[in-house]
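Asker: Give the three-dimensional model of this entry:
(chains A and B, ligands or ions: 4)
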Amino acid sequence: MRSFTYERAADPVTAARAVAQRQGAKFIAGGTNLLDLMKIEIETPTHLVDVQDLGFDRIEATEDGGLRIGALVTNTDLAADKRVRRDYAVLTRAIVAGASGQLRNKATTAGNLLQRTRCPYFYDPSMPCNKRRPGSGCGAIGGYSRQLAVIGGSDKCIATNPSDMAVAMRLLDAKVETIDPQGATRTIPIADFHRLPGDTPHIETALEPGELITAVTLPKPIGGRHVYEKVRDRASYAFAIVSVAAVIAKDGSGRIAAGGLAHKPWRVEAADTALPQGAKAAATALLAGAQPTPDNAFKLPLVERTIAAALDTARSA
Amino acid sequence: MTRRGVLTAGAAGAVAGGVPVSTSAERREMATMPVRFEVNGKRRELALDPRTTLLDALREHLHLTGTKKGCDHGQCGACTVLVNGVRINSCLSLVVQHQDDKVTTIEGLGTPEKLHPMQAAFVRHDGYQCGYCTPGQICSAVAVLDEIKRGVPSHVQADVTKTARPTNVELRERMSGNICRCGAYSNIAEAMAEVAGAKA
Ligand SMILES: Cc1cc2nc3c(=O)[nH]c(=O)nc-3n(C[C@H](O)[C@H](O)[C@H](O)COP(=O)(O)OP(=O)(O)OC[C@H]3O[C@@H](n4cnc5c(N)ncnc54)[C@H](O)[C@@H]3O)c2cc1C
Ligand code: SF4
Ligand code: FES
Ligand code: FES
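Answerer: Numbers count the residues shown, from 1 in each chain, chains lettered A, B, ... in the order given. Ligands and ions are numbered 1, 2, ... in the order given. The predicted model follows:
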């Protein structure tokens, strides 16, 4: 690990300034992704600003009947919140499908949204990777790409976003609230928060340098059956190959979002519209324009089956 | 060089493969930071390089070597300890993040004379073979029963609005963050079930 200096910020604007003013400074929340990457020197911050004292550790009701989740609420506390379990069960289900009990106790809402890809070439400093070293090329394209993106990729990067929680957040139309070093706040719809790789795969989100996430809000509950189906190489403690988050009403209408497919949680309006016609129609709409590699073409039929499984679960729940 | 020294050097070499490793000169010029926290009920004060993980602080500086380093990357659970009563992977946490926290390691759960009920149950049920993963398994197991009691939901629950019961499937899912190379899983689940039953 490269050496760095460390401070604990006392208020959000000080924290944002501390990161904006110093080349190579970064926020640290739980640290479960950042430290992992620092140990292999893929992340090499010169200064860490610990945000744990900022008080964003509560879940509160909003005026419009939704919830405001503090950026520092742990994944465990979010999944266990009574209101979330009752009204946004897909979020609870997505979170508990990810990582392990120990990790979820430490991982935070903001940190989870910002966790970096699990592309094996990103993790291997001896391989080219445009995300890790812009301009060095992409080891995964033409390489071993079983886990990687089937849609929304570019000729620079086909990485996937590994978060389970983010898929449920996308499904629920969450919004990300931030504060910048000048103290200005803004709200970013989750659909615009994660970016597609394009020509700049190293720029992963809409956040500006030093911009601090303060909360994630959920609109008022939408009812229906809440389902999260995750397909992975072992039954627990593994990242998704494909995952499907769904909220399905009694009449078969509803919405779906998918993980494991793209650089961001994948949601397409036409797929929601097609849902009442069944899994095949929904998968076709969701995957329009997909460009899988020979290694990961299996994900396309798997998406349809995972949607079918989600619809089955919703019907029997 | 001590045996541990050789082992550490070997491990560092294995990880190095192409990765620039910070030199000891670089390490020396780093300022240390004070950390005050409580470990197994005792106040502790250390001055450490901010890179020090909670795991390394416990093992290398406080010489509490019960907590083990398996992967150092959050993937095995051997380093599991309780912080303010909650289990975490001590390898993925900087000790400076734990100012004023209360840390409990396997040494703080029980002693050879007075075992924690979970330790006793592991012995009774042969919940280990080589024992390397065991301190992490036991810390995790104690925390799992508490999480169930507190209503923390899990992936295998049919209805997440309910409080789970400590069934075999529940215990196994909740313990999936603790890998056992010797495969003592079924005996670990039995030890936990016994403690859960005794409590209920
Ligand atoms: C072995 C293992 C298995 C895992 N399995 C899964 C899985 O199956 N599914 C899954 O979804 N996840 C999985 N994870 C990832 C885990 O969910 C993330 O590591 C965790 O959510 C990150 O949260 P954190 O608070 O620790 O983030 P940190 O590591 O503290 O931070 C991550 C990033 O967010 C930035 N950041 C943190 N807080 C803020 C803020 N408030 N504002 C702006 N920037 C901020 C940091 O600068 C950093 O860049 C796994 C991790 C491990 C180690
Ligand atoms: S897919 Fe993206 S993250 Fe993976 S090697 Fe290519 S550029 Fe890097
Ligand atoms: S040593 Fe911490 S999880 Fe393996
Ligand atoms: S007892 Fe040997 S690794 Fe678990």
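
Asker: Quick check: closest non-adjacent residue to the residue nearest the centre of chain B.
Answerer: Centre of chain B computed as the mean C-alpha position; nearest residue by CA atoms, centre = their mean is residue B:80, 1.4 Å away. Leaving out its chain neighbours, the residue that sits closest to residue B:80 by CB to CB, 6 or more residues apart in numbering or on different chains is residue B:136, at 3.9 Å. Every residue, glycine included, has its C-beta placed from N, CA and C.

Asker: Correct me if wrong: that neighbour contacts residue B:82.
Answerer: No: Residue B:136 sits out of contact with residue B:82 when judged by CB atoms under 8 Å, with a separation of 11.1 Å.

Asker: Specify which residue of those two has the higher count of neighbours.
Answerer: It is residue B:136, of residue B:136 and residue B:82, that has more neighbours when counted by other CB atoms under 10 Å in any protein chain shown, with 29 against 22.

Asker: all helices of the chain, in order?
Answerer: Using chain A here. A:12-21, A:34-39, A:75-80, A:82-87, A:89-96, A:101-106, A:109-113, A:165-171, A:190-193, A:269-274, A:279-286, A:299-316 (DSSP state H).

Asker: try chain B instead
Answerer: In chain B, the segments counted as helices under DSSP H are B:3-16, B:24-29, B:54-56, B:106-109, B:117-124, B:134-149, B:168-174, B:185-199.

Asker: Format those helices as a markdown table; extra columns: mean pLDDT and distance to ligand 1.
Answerer: Converted to a markdown table, the helices of chain B look like this (pLDDT from 0 to 100; distance: least, CB to the nearest ligand atom, whole Å):
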| stretch | mean pLDDT | distance to ligand 1 |
| --- | --- | --- |
| helix B:3-16 | 41 | 16 |
| helix B:24-29 | 50 | 23 |
| helix B:54-56 | 98 | 14 |
| helix B:106-109 | 98 | 21 |
| helix B:117-124 | 98 | 24 |
| helix B:134-149 | 98 | 14 |
| helix B:168-174 | 98 | 13 |
| helix B:185-199 | 93 | 18 |
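
Asker: what would these look like in TSV with distance to ligand 2?
Answerer: TSV is the format used below for those (distance: least, CB to the nearest ligand atom, whole Å):
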stretch	distance to ligand 2
helix B:3-16	20
helix B:24-29	28
helix B:54-56	28
helix B:106-109	38
helix B:117-124	42
helix B:134-149	31
helix B:168-174	30
helix B:185-199	34
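
Asker: As JSON lines, those helices with distance to residue A:58 would be great.
Answerer: Written out in JSON lines, the entries for the helices of chain B read as follows (distance: least, CB to CB, whole Å):
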{"stretch": "helix B:3-16", "distance to residue A:58": "39"}
{"stretch": "helix B:24-29", "distance to residue A:58": "39"}
{"stretch": "helix B:54-56", "distance to residue A:58": "25"}
{"stretch": "helix B:106-109", "distance to residue A:58": "30"}
{"stretch": "helix B:117-124", "distance to residue A:58": "32"}
{"stretch": "helix B:134-149", "distance to residue A:58": "20"}
{"stretch": "helix B:168-174", "distance to residue A:58": "25"}
{"stretch": "helix B:185-199", "distance to residue A:58": "30"}
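
Asker: Out of those, the one nearest ligand 3 is which?
Answerer: Using CB to the nearest ligand atom as the measure, helix B:54-56 is the one of the helices of chain B that comes nearest ligand 3, at 6.4 Å.

Asker: contact partners of the closest one?
Answerer: Around helix B:54-56, the neighbours that count as contacts under CB atoms under 8 Å, 6 or more residues apart in numbering or on different chains are B:67, B:69, B:72, B:79, B:81, B:83, B:90-91, B:93-95, B:97-98, B:103.

Asker: What's the local residue count around residue 182?
Answerer: Here I'm looking at chain A. Here the neighbour count serves as a burial measure; for residue A:182 (other CB under 10 Å) it reads 10.

Asker: wait, I meant chain B there
Answerer: The criterion is other CB under 10 Å. On that basis, residue B:182 has 12 neighbouring residues.

Asker: out of everything not next to it in sequence, what's closest to it?
Answerer: In space, residue B:182 comes closest to residue B:129 once its chain neighbours are excluded; the distance is 3.7 Å by CB to CB, 6+ apart.

Asker: does that neighbour really touch residue B:188, like I thought?
Answerer: No: in this structure residue B:129 lies outside contact range of residue B:188 using CB under 8 Å: 10.9 Å.

Asker: Would you mind telling me which of those two has more residues around it?
Answerer: Taking other CB under 10 Å, residue B:129 and residue B:188 do not tie; residue B:188 has more neighbours (27 against 14).

Asker: dump the residue contacts of the closest residue to the more buried one other than its chain neighbours.
Answerer: Using CB to CB, 6+ apart and skipping the chain neighbours, the partner closest in space to residue B:188 is residue B:127 (4.5 Å). Going by CB under 8 Å, 6+ apart, residue B:127 touches B:121, B:134, B:137, B:184, B:187-188, B:190-191.

Asker: swap in residue B:74?
Answerer: By CB under 8 Å, 6+ apart, residue B:74 lies in contact with A:32, A:36, A:100, A:102-103, B:89, B:91-92.

Asker: go with 7 Å
Answerer: A:32, A:36, A:103, B:89, B:91-92 (CB atoms under 7 Å, 6 or more residues apart in numbering or on different chains).

Asker: Hmm, residue B:103 is touching residue B:80, no?
Answerer: No: counting by CB atoms under 7 Å, residue B:103 does not reach residue B:80; the two are 11.6 Å apart.

Asker: Which residue ranges of chain A form strands?
Answerer: In chain A, the segments counted as strands under DSSP state E are A:5-8, A:25-28, A:47-50, A:59-61, A:67-70, A:175-179, A:185-189, A:212-218, A:225-231, A:242-248, A:254-259.

Asker: I'd like the helices of chain A as TSV, with distance to residue A:64 appended.
Answerer: Listed next are the helices of chain A as TSV, based on distance: least, CB to CB, whole Å:
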stretch	distance to residue A:64
helix A:12-21	23
helix A:34-39	33
helix A:75-80	19
helix A:82-87	13
helix A:89-96	18
helix A:101-106	28
helix A:109-113	19
helix A:165-171	17
helix A:190-193	16
helix A:269-274	22
helix A:279-286	29
helix A:299-316	26
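
Asker: Any chance of CSV for these, columns mean neighbour count, mean pLDDT and distance to residue B:63?
Answerer: Listed next are the helices of chain A as CSV, based on neighbours: other CB atoms under 10 Å in any protein chain shown; pLDDT from 0 to 100; distance: least, CB to CB, whole Å:
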stretch, mean neighbour count, mean pLDDT, distance to residue B:63
helix A:12-21, 19, 98, 35
helix A:34-39, 21, 98, 23
helix A:75-80, 24, 98, 31
helix A:82-87, 17, 98, 42
helix A:89-96, 27, 98, 36
helix A:101-106, 26, 98, 23
helix A:109-113, 25, 98, 31
helix A:165-171, 28, 99, 38
helix A:190-193, 18, 98, 45
helix A:269-274, 16, 98, 57
helix A:279-286, 21, 98, 55
helix A:299-316, 19, 97, 49
